[in-house]
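Engineer: Got a predicted structure here, sequence first:
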Amino acid sequence: MSISVGIGYDSHRFAEGRKLILGGVEVPYEKGLSGHSDADVLTHAVIDAILGAAGLGDIGEVFPDTDPAWEGADSIGLLSTVIGMLRGPVLNVDATLICEQPKLGPFRPSMVSRLGEATGGRISVKATTNEQMGWIGRGEGIACMAVATVDLD
Ligand code: MG
């Protein structure tokens, strides 16, 4: 076994007229997130954590947002592509979503399920607020942090 850990962070701004997709799950809300792909901030943080653990760069290098191929892309599909780049399995992923609204608790099991299917690893998804401080506190968007462990053997 050669276990490596990686960290990922992402943030996206809320936008009108977009679906809110988190961990491959559509969350009912009055706004979605802006971005070149489906703007799935959770899956993007997970992708960067896995790429970091494997030493394979970052999501912007692998899926450039200047490439029309990724416009509106399903981020779970991007995650599956990244899994295909690894020599060994993902062992676990732990992620924390940070936003004031919407409340994400009811959707966490579905997010865990989708990310687990895509990665093959043990998944934990947590959610917290920013106690009304800063841009997250003002409801301008959602941030996510993630760590992943990958067995590189
Ligand atoms: Mg992103």
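Structural biologist: The structure has been received and is ready for your questions. Residues are numbered from 1 along each chain as shown.
Engineer: Provide a list of residues in contact with residue 71.
Structural biologist: Contact analysis of residue 71 by C-beta atoms under 8 Å, 6 or more residues apart in numbering lists 36-37. C-beta coordinates here come from the backbone N, C-alpha and C atoms, glycine included.
Engineer: Tell me the spacing between it and residue 58.
Structural biologist: Residue 71 is 19 Å from residue 58, where distance means C-beta to C-beta, to the nearest Å.
Engineer: can you tell me the helix or strand for the residue of the chain found nearest the ion?
Structural biologist: Closest residue of the chain to the ion, C-beta to the ion: residue 44 (3.6 Å). Following DSSP states H and E, one finds residue 44 within helix 41-54.
Engineer: ok now that helix, how far from the chain's centre?
Structural biologist: Averaged C-alpha coordinates place helix 41-54 at 7 Å from its chain's average position (C-alpha atoms, centre = their mean, to the nearest Å).
Engineer: do the same with stretch 89-98
Structural biologist: For stretch 89-98, the distance to the chain centre is 9 Å (C-alpha atoms, centre = their mean).
Engineer: can you check stretch 15-34 too?
Structural biologist: How far stretch 15-34 lies from its chain's middle: 13 Å, per C-alpha atoms, centre = their mean.
Engineer: list the buried ones in it?
Structural biologist: Within stretch 15-34, the residues scored as buried using 16 or more other C-beta atoms under 10 Å are 18, 20-25, 27, 29, 31-33.
Engineer: between those residues, which is closest to residue 81?
Structural biologist: Comparing the buried residues of stretch 15-34 against residue 81 with C-beta to C-beta places residue 24 closest, at 13.9 Å.
Engineer: where does that closest one land on pLDDT?
Structural biologist: Per-residue pLDDT puts residue 24 at 98.
Engineer: tell me the contacts of it?
Structural biologist: By C-beta under 8 Å, 6+ apart, the neighbours of residue 24 are 40, 43, 74-76, 111, 114-115, 118.
Engineer: Can you list the strands that the helix or strand residue 11 falls within pairs with?
Structural biologist: Secondary structure from DSSP H and E places residue 11 in strand 3-15. Counting by DSSP bridges, the strands paired with strand 3-15 are strand 32-33 (antiparallel), strand 141-151 (antiparallel).
Engineer: downstream neighbour of that strand in the secondary structure list?
Structural biologist: Sequence order places strand 21-22 as the next helix or strand after strand 3-15, per DSSP H and E.
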